[in-house]
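coords please:
(2 chains)
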2 protein chains.
Amino acid sequence: AIVKYWGKRDEVLNLPATSSISITLSRLKTEVSVSFDERLREDEVFVEGERANEKTYGRVVAFLELIRAKTKVKMFARVESFSNFPVGLGLASSASFFAGLTLASASALSAEFTFQELARIARLGSGSAPRSLLGGAVEAVAGTSKDGSDFEVLQILPEERVPFALLVVMVESKGKAMSSRDGMNLCKNTSPYFHRWLEYNQELVDIARRALLDGDIKTVGEVAEASCFAMHGCCMSAKPPLFYWAPNTLSVIEQVFEMRKEGVLVYVTIDAGPHPVLLVPSDLVPIVQDRVSKQKGVLDIIEERAGQGAKVL
Amino acid sequence: AIVKYWGKRDEVLNLPATSSISITLSRLKTEVSVSFDERLREDEVFVEGERANEKTYGRVVAFLELIRAKTKVKMFARVESFSNFPVGLGLASSASFFAGLTLASASALSAEFTFQELARIARLGSGSAPRSLLGGAVEAVAGTSKDGSDFEVLQILPEERVPFALLVVMVESKGKAMSSRDGMNLCKNTSPYFHRWLEYNQELVDIARRALLDGDIKTVGEVAEASCFAMHGCCMSAKPPLFYWAPNTLSVIEQVFEMRKEGVLVYVTIDAGPHPVLLVPSDLVPIVQDRVSKQKGVLDIIEERAGQGAKVL
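Numbering: from 1, shown residues only, chains lettered A, B, ... in the order given. From the prediction side, this is the model:
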């Protein structure tokens, strides 16, 4: 995410308390297949070929219940998903999964939802999923209505106009971050900065949208860092302190600041996990990739571009 | 500092915007000698036997001007200081120096200041210096008056009643942090959290004072971490982002959280530099010291106790 989603205004409807902007990626992908079947006696959920753990299973079943309620379908479903990247590491795997699940379910049932209806359904699975339905740079508009009827997702830029590449830097870490859901709750309940964070981030959305439309990479980068560090500052000031960063996360941040001092246009953002994502103009990718790959504690760098939204295969 | 001083309400009078609490240390020491001499044609300042750099020289001369104004003395002075620890690394060397300089100047001139007058003079040299005039656990009360006449420092606990030791963990770092003075200014002018930080930290002072009087190490430790992470969260959210931490700072933080999960009563705080300071009950010092000394990137651990305030030698 360029401008983070961090905080809910309604727990049950999974409504965000602040708007957010993200870039849909082209290579990190999740394929989700859904088949509703009269012969099933319960929902079956497989992730990477294995039965989902209890937590994931619970979230998927709750989501399927909603789809069934909306479509009046009574059948259980078999859900299978495969990702080409490690899941549960703060790389938006649940956003990717629930965007796919929403589209696959609607398609399997030939349900006629409008796009914004689909977005609201996807949101019930994961707050970040609606943005992944669209390609390019996407804004999720939080809205203010109690029932969430004014929540929507809008494409700011199509993928071909997003003026930078994204380097996902996988760093060594113990990987024991709290889930986003629990982390947001902890911040809301205990961080002295939570209220101010929401106001501030909403201001950043407006600046980032404008800068994206203007192709102003410098401002987009500065806003991305501002949103990132304000979010993590909010997390760290929670009680108990919530750290998503590993020591190597900080090494990469330091390196990005150094490169920038040397005049290289590169910015860093970090979601609710340890792995930094660098925003880099396409022509600088080789230089930055070379530098960062030599940094101690960097395991892998995934070179990404803005990509298409979820689609039916 | 247990509860940080971060932010000024008056730049010229160097008045803090929030109260703070620190423990005066027993072993990290600075000896300052001052002699006013009619034969000198300008102030002379030596740090560790060498002429002070321009910045330090300027701060010391400005301070001496104040002393001269208050005492009607016209002579220039020769100032020499020696510390038994590295200066300028976020280990409160300037607090230590200006506390010593205040006391030595007053003594050299046989000036009859009350203690709170001395504290206000020390503050003009460094905002943290007044606390170092007293031993044990010390509170600097920010006050609200325009002229700073209600600023004062109070001893909360004498050194022998401070119920924990302090381990100063020196970590590898590039050591290029911004001075506290500039950092506070940057936060005040650009951090979305600065205003909330001040309110929150003032609440923490009241909780920490109570907990110190009660000998409640757990609460003191929790409050110390809350103040630390809120301060650094405020710094990180400034523009440009201000990081005092090195990657190894984060390694030590992680290790402290791990030890606590195992039931070891240890807490961490970090001033405006990369080196963590651990709060540990005296009987746990050997265990914690052993664990932390094995952590990669830890160069040295200075075992400290609460100590006496500044005194004339």
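
how about chain A: which residue is closest to chain B?
With CB to the nearest CB as the measure, residue A:233 is the residue of chain A nearest to chain B, at 3.1 Å. For every residue, glycine as well, the C-beta is placed using N, CA and C.

point out where chain A drops to low pLDDT.
Scanning chain A for pLDDT under 70 picks out A:88-92, A:175-176.

residues of it that sit close to chain B?
By the rule CB under 8 Å from any CB of the partner chain, the part of chain A lying against chain B is A:174, A:192-193, A:195-197, A:199-200, A:222, A:225-226, A:229-230, A:232-234, A:236-237, A:239, A:241, A:243, A:245-251, A:253-254, A:257, A:297.

drop anything exposed from those residues.
Among those, the ones that count as buried by 16 or more other CB atoms under 10 Å in any protein chain shown are A:192-193, A:196-197, A:200, A:222, A:225-226, A:229-230, A:232-234, A:236-237, A:239, A:241, A:243, A:245-251, A:253-254, A:257, A:297.

so residue A:268 makes contact with residue A:225?
Yes - between residue A:268 and residue A:225 a contact is recorded at 6.4 Å, counting by CB atoms under 8 Å.

about what we covered before: restricted to helices, list the residues of chain A next to chain B.
A:195-197, A:199-200, A:222, A:225-226, A:229-230, A:232-234, A:236, A:247-251, A:253-254, A:257 (DSSP state H).

re earlier: how close does the residue of chain A closest to chain B get to residue B:254?
From residue A:233 over to residue B:254 the distance is 18 Å, taken as CB to CB, to the nearest Å.

need the helices for the stretch 1-150 of chain A, in chain order.
Counting by DSSP state H, counting those that start in this stretch, the segments of the stretch 1-150 of chain A that form helices are A:54-71, A:93-108, A:115-125.

just say which of the ones you listed is most tucked in.
Of the helices of the stretch 1-150 of chain A, the one with the most neighbours on average (mean count of other CB atoms under 10 Å in any protein chain shown) is helix A:93-108, at a mean of 25.

so that one versus helix A:115-125, what angle?
130 degrees (axes from the mean of the first three to the mean of the last three CA atoms, to 10 degrees).

ok, which stretches of the stretch 1-150 of chain A are strands?
Secondary structure of the stretch 1-150 of chain A (DSSP state E, counting those that start in this stretch): strands at A:8-10, A:15-16, A:20-23, A:30-37, A:44-47, A:50-51, A:76-83, A:137-141.

can you put those strands in CSV and add distance to residue A:212?
Shown next, in CSV, are these (distance: least, CB to CB, whole Å):
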stretch, distance to residue A:212
strand A:8-10, 25
strand A:15-16, 19
strand A:20-23, 7
strand A:30-37, 25
strand A:44-47, 33
strand A:50-51, 39
strand A:76-83, 27
strand A:137-141, 5
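
and of those, who's closest to residue B:14?
strand A:20-23 (41.0 Å; CB to CB).

what is the closest one packed up against?
Counting contacts by 3 or more CB pairs under 8 Å, 6 or more residues apart in numbering or on different chains; DSSP states H and E, strand A:20-23 is packed against strand A:137-141, helix A:194-214.

6 Å - rerun?
Strand A:20-23 sits against strand A:137-141, with contacts defined as 3 or more CB pairs under 6 Å, 6 or more residues apart in numbering or on different chains; DSSP states H and E.

now the following helix or strand past the strand it packs on - C-alpha only, PDB.
Scanning forward in sequence from strand A:137-141 by DSSP states H and E, the next helix or strand is strand A:152-157. Below are the C-alpha coordinates for strand A:152-157, written out as PDB (Å, rounded to 0.1, in the frame of the first residue of the first chain):
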ATOM      1  CA  GLU A 152     -16.100   2.100  -2.800                       C
ATOM      2  CA  VAL A 153     -12.900   1.400  -4.700                       C
ATOM      3  CA  LEU A 154     -11.800   3.600  -7.600                       C
ATOM      4  CA  GLN A 155      -9.000   3.300 -10.100                       C
ATOM      5  CA  ILE A 156      -6.700   6.300  -9.900                       C
ATOM      6  CA  LEU A 157      -4.300   5.200 -12.600                       C
END
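
helices or strands next to strand A:152-157 in the packing?
Using 3+ CB pairs under 6 Å, 6+ apart, strand A:152-157 is in contact with strand A:137-141, helix A:194-214.

just name the most buried of the ones you listed.
When the helices and strands packed on strand A:152-157 are compared using mean count of other CB under 10 Å, strand A:137-141 is most buried, at a mean of 23.

quick check: the residue nearest to residue A:178 when sequence neighbours are not counted vs residue A:127, distance?
Counting by CB to CB, 6 or more residues apart in numbering or on different chains, residue A:178 lies nearest to residue A:242, which is 6.2 Å off, once chain neighbours are set aside. Note on residue A:242: its distance to residue A:127, by CB to CB, is 17 Å.

higher neighbour count, those two?
Each of residue A:242 and residue A:127 has its neighbours counted (other CB atoms under 10 Å in any protein chain shown); residue A:127 has more, 25 against 21.

list the contacts for that one?
A:5, A:14, A:16 (CB atoms under 6 Å, 6 or more residues apart in numbering or on different chains).

beta partners for the last one?
Using DSSP bridges, the beta-bridge partners of residue A:16 come out as residue A:8.

what about it, distance to residue A:48?
28 Å.

now do the first one
Between residue A:5 and residue A:48 the computed distance is 25 Å (CB to CB).

of those two, which one has the most company?
Higher neighbour count among residue A:5 and residue A:48: residue A:5, with 28 against 11, using other CB under 10 Å.

apart from its chain neighbours, what residue comes closest to the more buried one?
Leaving aside its sequence neighbours, residue A:5 sits nearest to residue A:20 (CB to CB, 6+ apart; 3.8 Å).

that neighbour: neighbour count?
28.

isn't it right up against residue A:2?
No - here residue A:20 does not reach residue A:2: they are 8.2 Å apart, not a contact under CB atoms under 6 Å.

do you know which of the helices and strands packed on strand A:152-157 lies nearest residue A:309?
strand A:137-141 (7.7 Å).

quick one: contacts of that closest one?
Where contact means CB under 6 Å, 6+ apart, the residues beyond strand A:137-141 that reach it are A:19-23, A:130-131, A:152-157, A:162, A:212.

and which of the residues you listed is nearest to residue A:182?
Top of the list for closeness to residue A:182, among the contacts of strand A:137-141 and by CB to CB, is residue A:20 at 18.6 Å.

mind checking how far the closest one is from residue A:11?
17 Å.

what does residue A:116 give?
From residue A:116 to residue A:11 the distance is 21 Å (CB to CB).

so residue A:272 makes contact with residue A:244?
Yes - counting by CB under 6 Å, residue A:244 is a contact partner of residue A:272 at 5.3 Å.

and the two? Which one has more around it.
Taking other CB under 10 Å, residue A:272 and residue A:244 do not tie; residue A:272 has more neighbours (25 against 22).

how many other residues sit next to the nearest residue to the more buried one once chain neighbours are set aside?
In space, and not counting its chain neighbours, residue A:272 is closest to residue A:180: 4.6 Å by CB to CB, 6+ apart. When neighbours are counted by other CB under 10 Å, residue A:180 registers 21.

ok, what's across the strand from residue A:153?
Listed by DSSP bridges, the beta-bridge partners for residue A:153 are residue A:140.

surely it touches residue A:118?
No - the criterion here is CB under 6 Å, and residue A:153 misses it with residue A:118 at 9.3 Å.

separation between the residue of chain A most remote from its centre and residue A:78?
What lies farthest from the middle of chain A is residue A:39; by CA atoms, centre = their mean that is 34.8 Å. From residue A:39 across to residue A:78, the span is 10 Å (CB to CB).
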